[in-house]
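1. Sharing a model that was predicted from the sequence below.
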Amino acid sequence: MDALSLTPSTDCQPGTKISLLRQRAQIMAVIRAFFHERDVLEVQTPHLGQAPASDPYLSALTVIDSTGKRRYLQTSPEYAMKRLLVLGSGSVYQLDKAFRDDEHGRLHQCEFTLLEWYRLGFNEHKLMSEIDDLLRLILNTNKAVRLSYAEVFLDHFKINPHCVDSNILKTLVKQHCGDIVGLDHPSKDDLLNVLFSRVIEPALGHETPCFIYDYPASQAALAKLKCVDGSEVAARFELFYKGIELANGYHELQDVEVHRQRFSQDLLIRKQHNLPIVPLDDAFMQALESGLPDCAGVALGVDRLVMLALKQATIQAVMV
């Protein structure tokens, strides 16, 4: 029999096929060999933490332990891996589970596999080249295309997203997307995100993978900022293939005070949107005080990668 006898009991435990699991295991082996050849250390960090990521667009699953203390399942191993970098680990990668609440659909699952890695001495463009090498090995793709965030908005809407007026964006959203529920008082980033996700993203990377880079400074998350053509932008990129987002990476922010400012802004956005106010990761902040080395990092969705490699329609088809 090829099909597993497991009967799904929750959204996080779907069925699959043994043949697909064997192919998935082969892809995992290729990934590990890829990093071994580059002398990148494999690590495993705790799934449970004292604090989640402050990112208002990520919702952490919580656990109450036997003492009544609230703990958080990792949405990403980022903070723990950066603590290792501070301790002198050198370049590291992790191939492990991550957890996010309210993640459902053919490309989403509340429990999923994430490949995250950090390369010392890399900037975002050098890391893009390494990701491209991995994709060509696993997906047998041609060399990826690289387009700036400004280029794709100019191509689709004839605007510069870094300096366009919000009223123009509202008109474009109405024209291309109609009325969007929940956007009664949208920010400029809300409007840009709607246009990007609804119009631009589905068109990306259908022939070959596509990196979009130099996002607006307001969407930097934990990426450094830089000036390009008179506009301050984030040293950040995302990777798309077949209209699907595969990865999100940064030239990592090092300044501890700027970290504090961005965490405070995250908490403000959470408050404005009536989202849970979460504690900050004190251990991570203490590590940053010691100095994060210059590096670039990326998180790549393994289940989506395997789904594409095995030509399946959903990530559930390649997961247990």
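-> All right, it came through fine. Numbering: from 1, shown residues only.

2. is it true that P46 lies in a strand?
-> No. Judged by DSSP: H, G, I helix; E, B strand; the rest coil, P46 forms no part of a strand; its state is coil.

3. For burial, what's the neighbour tally of it?
-> Other residues within reach of P46, judged by other C-beta atoms under 10 Å, total 11. To be clear about C-beta, it is placed using only N, CA and C from the backbone, and glycine gets the same treatment.

4. wait, what's in contact with the nearest residue to it once chain neighbours are set aside?
-> Nearest residue to P46, sequence neighbours excluded (C-beta to C-beta, 6 or more residues apart in numbering): A80, at 6.5 Å. A80 makes contact with 45-46, 49, 74, 284 under the criterion C-beta atoms under 8 Å, 6 or more residues apart in numbering.

5. Which of those residues has the largest number of neighbours?
-> The contacts of A80, ranked by neighbours (other C-beta under 10 Å): first place Q74, 23 neighbours.

6. Who are the contact partners of that one?
-> 45-49, 52, 60, 80, 98-99.

7. re the thing from before, how near is the residue nearest to P46 to Q74?
-> According to C-beta to C-beta, to the nearest Å, A80 and Q74 sit 7 Å apart.

8. Kindly report the same for P56.
-> Where Q74 is concerned, P56 sits at a distance of 17 Å (C-beta to C-beta).

9. In the stretch 151-300 of the chain, mark out all the helices, start to finish.
-> Under the criterion DSSP state H, counting those that start in this stretch, the stretch 151-300 of the chain contains helices at 166-177, 188-195, 256-272, 282-290.

10. nearest residue to the residue nearest in space to the middle of the chain other than its sequence neighbours?
-> In the chain, the residue lying closest to the centroid (C-alpha atoms, centre = their mean) is N248, at 3.9 Å. Sequence neighbours aside, E238 is the residue nearest to N248 in space, at 5.2 Å (criterion: C-beta to C-beta, 6+ apart).

11. Low-confidence bits of the stretch 151-300 of the chain, can you list those?
-> Counting by pLDDT under 70, the stretch 151-300 of the chain contains low-confidence residues at 181-184.

12. let's go with 50 and repeat that
-> Applying pLDDT under 50 to the stretch 151-300 of the chain picks out no residues at all.

13. ok, the contacts of Q74 vs N140, which is closest?
-> The nearest member of the contacts of Q74 to N140, counting by C-beta to C-beta, is A98 at 26.6 Å.
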